[in-house]
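*Asks:* Below is the sequence, then the predicted model.
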Amino acid sequence: EAEVAQSPRYKITEKSQAVAFWCDPISGHATLYWYRQILGQGPELLVQFQDESVVDDSQLPKDRFSAERLKGVDSTLKIQPAELGDSAMYLCASSLALATTYNEQFFGPGTRLTVL
Amino acid sequence: DAKTTQPTSMDCAEGRAANLPCNHSTISGNEYVYWYRQIHSQGPQYIIHGLKNNETNEMASLIITEDRKSSTLILPHATLRDTAVYYCIVRPYSSASKIIFGSGTRLSIRP
């Protein structure tokens, strides 16, 4: 069964350092999402891509976070510089996103970030 | 903000039916009810969705009240592997619409 791949699974960094997370969606999925999940809360959407274009980044802290999906396939989420409050699980999801039918979002296993 | 209200936690005996309630009194006509669950240390997993009719699949059943202001997710024979956080979400049908997660219900299945 096809899955969304993410790496690394765990990342420990010191504040003010740069970190990057990678996501490879299910093959053929045009829409890709990055979520952040703080412990004890539900996931919160950070950015949504349709192919290589950003559809929604209204919740992305653009002073320190950036996301790209250059070829419309895999994606990278970067934080620079990391702050203590960025400690969370970062989840990637993808979907077919056909306009006329429902296609569920499939989530990857996530990257757990700890900022010291 | 999430448009749904769920109990913070519930428990259920293994082998019994688990009934998870959700209130969505402000749901609009073009919004569906979706359920996801998240097992510890994993990403959320889609369970089921519906508009106004009851729905059933291999994982669960979804019962939506006639006024669509509340719904119940039913796991007919709960197992220990069903221990997870269950999220009830309302959103438009299009898969391009964002999922706004609340805090969900933490379901514990006891042996």
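*Replies:* Okay, I see it.
*Asks:* and the most centrally placed residue in chain B, what are its phi and psi?
*Replies:* Nearest to the geometric centre of chain B sits B:W35, at 3.5 Å (CA atoms, centre = their mean). Comment: the main-chain dihedrals of B:W35 come out as phi -120, psi 130, following degrees, to the nearest 10.
*Asks:* list the contacts for it?
*Replies:* Neighbour list for B:W35: B:20, B:22, B:46-49, B:60, B:62, B:73, B:86-89 [criterion: CB atoms under 8 Å, 6 or more residues apart in numbering or on different chains]. Placement of C-beta: from N, CA and C, glycine included.
*Asks:* what's the distance between it and A:G42?
*Replies:* Distance check for B:W35 against A:G42: by CB to CB, to the nearest Å, it reads 13 Å.
*Asks:* overlap in contacts of the two?
*Replies:* With contacts taken as CB under 8 Å, 6+ apart, the residues that reach both B:W35 and A:G42 are B:Y87.
*Asks:* Now for the residue nearest to A:L116 when sequence neighbours are not counted, how many residues are close by?
*Replies:* Spatial nearest neighbour of A:L116, excluding adjacent residues (CB to CB, 6 or more residues apart in numbering or on different chains): A:E14 at 5.3 Å. Taking other CB atoms under 10 Å in any protein chain shown as the neighbour definition, A:E14 ends up with a count of 11.
*Asks:* out of the contacts of B:W35, who's near chain A?
*Replies:* With the criterion set as CB under 8 Å from any CB of the partner chain, the members of the contacts of B:W35 near chain A are B:46, B:49, B:87.
*Asks:* List the residues that contact the residue nearest the centre of chain A.
*Replies:* In chain A, the C-alpha nearest the mean C-alpha coordinate belongs to A:W34, at 2.6 Å (CA atoms, centre = their mean). Contacts were defined as CB under 8 Å, 6+ apart; by that measure A:W34 touches A:23, A:45-48, A:67, A:75, A:77, A:90-92.
*Asks:* pretty sure it is in a helix, no?
*Replies:* No: in this structure, A:W34 is strand, not part of a helix, as judged by DSSP: H, G, I helix; E, B strand; the rest coil.
*Asks:* before we move on, the earlier item: got the ones next to chain A among the contacts of B:W35 as JSON lines, with secondary structure columns?
*Replies:* As requested, the ones next to chain A among the contacts of B:W35 are exported to JSON lines (three-state DSSP):
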{"residue": "B:Y46", "secondary structure": "strand"}
{"residue": "B:H49", "secondary structure": "strand"}
{"residue": "B:Y87", "secondary structure": "strand"}
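*Asks:* Buried only: go through these for me.
*Replies:* Applying a neighbour-count criterion of 16 or more other CB atoms under 10 Å in any protein chain shown, the buried members of those are B:46, B:49, B:87.
*Asks:* what number of residues lie near the nearest residue in space to A:L32 that is not next to it in sequence?
*Replies:* In this structure, A:L32 finds its nearest non-sequential neighbour in A:F49, 4.5 Å apart by CB to CB, 6+ apart. Residues within reach of A:F49, counting by other CB under 10 Å, total 23.
*Asks:* doesn't A:L70 make contact with A:F49?
*Replies:* No: in this structure, A:F49 is not within contact of A:L70 by CB atoms under 8 Å, at 10.4 Å.
*Asks:* ok, back up a step: among the buried ones among the ones next to chain A among the contacts of B:W35, which one sits closest to A:A2?
*Replies:* Using CB to CB, B:Y46 comes nearest to A:A2 of these, at 14.2 Å.
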